[in-house]
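Q: Turn this into a structure:
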Amino acid sequence: MEVVAAGDALLTRGINSLEDTLGPVRDLMTRADIGFANLEMAVPAFPPTPAVLQRGSHALGRPSALSDLSWMGVDIVNFANNHVMDFSERGALDAIGEISRAGLAFAGAGRTLGEARAPSFVDTPAGRFALIGVSSSNSDTSLAADPGPLTTGRAGINPLRFTTEYHVTAEQMRQLQAIDEDLGTAQARRILIVTSRSRAMDGQTGPARAFALPFAGRRFVVGDQRGVITHPHPGDLEAVTRSVEFARTQADVVAVSIHCHESAGDGWNSPEPPTFLAEACHRWIDAGADVILGHGPHQMRGVEIYGGRPILYSMGNFFFTNETRALVPPEAYEKQGLDPQTATVTDYGQAALGGGFGAHEQFWQAVLARLVFNGGRAELDLIPLTLDRQLPPHQRGLPRVASGEVGAAILDRVEAMSSRYDTTFKPAPSGQHARATIPIT
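A: Numbering: from 1, shown residues only. As a prediction, the model looks like this:
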């Protein structure tokens, strides 16, 4: 079975007249048995009802974008990400209906938590493909819920929540305690004595530590290593693992798609993933997943081969046309210090994104992952893409196969980020410098 996978698809304008630009990428996806992308946008009915967002911006797409993705060769999408609920639960339910009407399979979101956690299957002449969709980058209001004895279910996403600990030295902990006392915040807190027994009781995972201090909304721990340490939520991790185990009995190829903006060091959208992500991905491969398809930070991350199976921590953007969105809610303008009565979408893009995504080349470079599964063996090709940052905002954000020095530079960057996992890239054949092959046993 041949699978061609892409990253985040945020598509706000029509593309089916752009055969000359998109043809090479479209050919790669349409020739494959399975084409995959992450649906990085809400598709609400109009007029939409915007939700209050804790971070990020509202990502609005039109239903016609779903047909355009199908035209590109996309057969199945992950719909577990931080934009599913941008236009409220109603918008999520609208999107679920539109995705189905467009003939796309999807995983990761549903009318209930059970639906969101369930694998999605696509049957092809080459075999059956299964996808489990997961997202870690969510507010609690995005989580799907199952019905109870006296309640209905709630639409939303399949979550992978996580805990965060800030490991500090004993001296740094004493300084934090002093600050906590001086501010008066210590009166509302208590220092937790953590032992192996209490660690199991409070749901925490990870190495033993002498004590922890909950301070300023964070949990500080005296540990052997300094840094930000994250661990996946045990219940969410087990629920996704059970979905993987079930899919393994029902499909020839099983993929988990994980949307993760979180980064090492407690940030978002950086090349280095958080510690909880590797822990979860390893668990899912141990449970039977053939590949992990990562996305979220809007840029590439490294590739790890674990247990003979690939983990693509992020493939970057597939379509990234957020600068030509149809509308911006009034409160989003106000967050940027703009007057919603006079500001335009262009003004918002310059204020919110001009100094971020638009200013940095790494957000406009990506890869397609071409995976060929055959008799328990697999081969992975990485095909570099450019989204043409140098073009005007209304033209850039469309995927084009990168060749020559541009393509080689993109692959060199992925290889450098993969070195921490000891991933070996096979030299590209002569005349194919824009493609790297990673053998998988």
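
Q: Residue 99 reaches residue 61, doesn't it?
A: No. With contact defined as CB atoms under 8 Å, residue 99 does not reach residue 61; the gap is 10.7 Å. For every residue, glycine as well, the C-beta is placed using N, CA and C.

Q: Those two: who's more crowded?
A: Neighbour tally, residue 99 and residue 61, criterion other CB atoms under 10 Å: the higher count belongs to residue 61, 29 against 21.

Q: Quick check: phi and psi at the more buried one.
A: Main-chain torsions, residue 61, degrees, to the nearest 10: phi -120, psi 160.

Q: Next, the contact list for it, please.
A: Residues in contact with residue 61 (CB atoms under 8 Å, 6 or more residues apart in numbering) are 10, 11, 12, 41, 42, 43.

Q: now swap in residue 259 and tell me
A: Neighbours of residue 259 in contact, by CB under 8 Å, 6+ apart: 38, 78, 80-82, 108, 133-137, 294-296.

Q: do you know how far it is from residue 181?
A: Using CB to CB, to the nearest Å, residue 259 is found at 40 Å from residue 181.

Q: Residue 242 too?
A: Applying CB to CB to residue 242 and residue 181 gives a distance of 45 Å.

Q: list the contacts for the nearest residue to residue 383 once chain neighbours are set aside?
A: Distances taken as CB to CB, 6 or more residues apart in numbering put residue 368 closest to residue 383, at 4.3 Å, once the chain neighbours are dropped. Contacts for residue 368 were tallied using CB under 8 Å, 6+ apart; they are 4, 5, 6, 25, 28, 29, 315, 382, 383, 385, 399.

Q: now the residues you listed in JSON lines, with secondary structure and distance to residue 113?
A: Formatted as JSON lines, those follow (DSSP: H, G, I helix; E, B strand; the rest coil; distance: CB to CB, whole Å):
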{"residue": "4", "secondary structure": "strand", "distance to residue 113": "30"}
{"residue": "5", "secondary structure": "strand", "distance to residue 113": "25"}
{"residue": "6", "secondary structure": "strand", "distance to residue 113": "27"}
{"residue": "25", "secondary structure": "helix", "distance to residue 113": "35"}
{"residue": "28", "secondary structure": "helix", "distance to residue 113": "35"}
{"residue": "29", "secondary structure": "helix", "distance to residue 113": "31"}
{"residue": "315", "secondary structure": "strand", "distance to residue 113": "27"}
{"residue": "382", "secondary structure": "strand", "distance to residue 113": "34"}
{"residue": "383", "secondary structure": "strand", "distance to residue 113": "36"}
{"residue": "385", "secondary structure": "strand", "distance to residue 113": "34"}
{"residue": "399", "secondary structure": "coil", "distance to residue 113": "33"}
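
Q: Looking at those residues, which one is closest to residue 300?
A: Closest approach between the contacts of residue 368 and residue 300, by CB to CB: residue 315, at 6.7 Å.

Q: That closest one and residue 300 touch, don't they?
A: Yes. Residue 315 lies in contact with residue 300 (CB under 8 Å); the separation is 6.7 Å.

Q: Name the residues contacting each of the two.
A: In contact with both residue 315 and residue 300: 366, 367, using CB under 8 Å, 6+ apart.

Q: Report how many residues lie close to residue 23.
A: 12.

Q: mind checking the SS state of it?
A: Assigned state for residue 23: helix (three-state reduction, DSSP: H, G, I helix; E, B strand; the rest coil).

Q: Check residue 423 too.
A: On the basis of three-state DSSP, residue 423 is classed as coil.

Q: In terms of pLDDT, where does it sit?
A: pLDDT recorded at residue 423 is 90.

Q: before we move on, back to that, can you name the two of the contacts of residue 368 that sit furthest apart?
A: 29 and 382 (14.7 Å).

Q: So what would you say the end-to-end distance of stretch 322-334 is?
A: By CA to CA, to the nearest Å, the extent of stretch 322-334 from end to end equals 19 Å.

Q: Quick one: low-confidence residue ranges for the chain.
A: Applying pLDDT under 70 to the chain flags the ranges 188-210, 352-356, 427-437, 439-441.

Q: Centre-most residue in it?
A: residue 259 (1.9 Å; CA atoms, centre = their mean).

Q: Residue 214 pairs with what?
A: residue 219 (DSSP bridges).

Q: Tally up the residues packed near it, please.
A: Neighbour tally, residue 214, other CB under 10 Å: 15.

Q: Next: residue 425.
A: For residue 425, using other CB under 10 Å, the count is 18.

Q: With residue 2 instead?
A: For residue 2, using other CB under 10 Å, the count is 18.

Q: Verify the contact between it and residue 372 for me.
A: Yes. Residue 2 is within contact range of residue 372, at 5.2 Å (criterion: CB under 8 Å).

Q: in the stretch 201-350 of the chain, which spans are strands?
A: 211-215, 218-222, 227-232, 253-259, 291-295, 303-306, 309-312, 317-320 (DSSP state E, counting those that start in this stretch).

Q: Including distance to residue 273, could those strands go into CSV?
A: Converted to CSV, the strands of the stretch 201-350 of the chain look like this (distance: least, CB to CB, whole Å):
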stretch, distance to residue 273
strand 211-215, 24
strand 218-222, 20
strand 227-232, 10
strand 253-259, 10
strand 291-295, 8
strand 303-306, 10
strand 309-312, 10
strand 317-320, 17
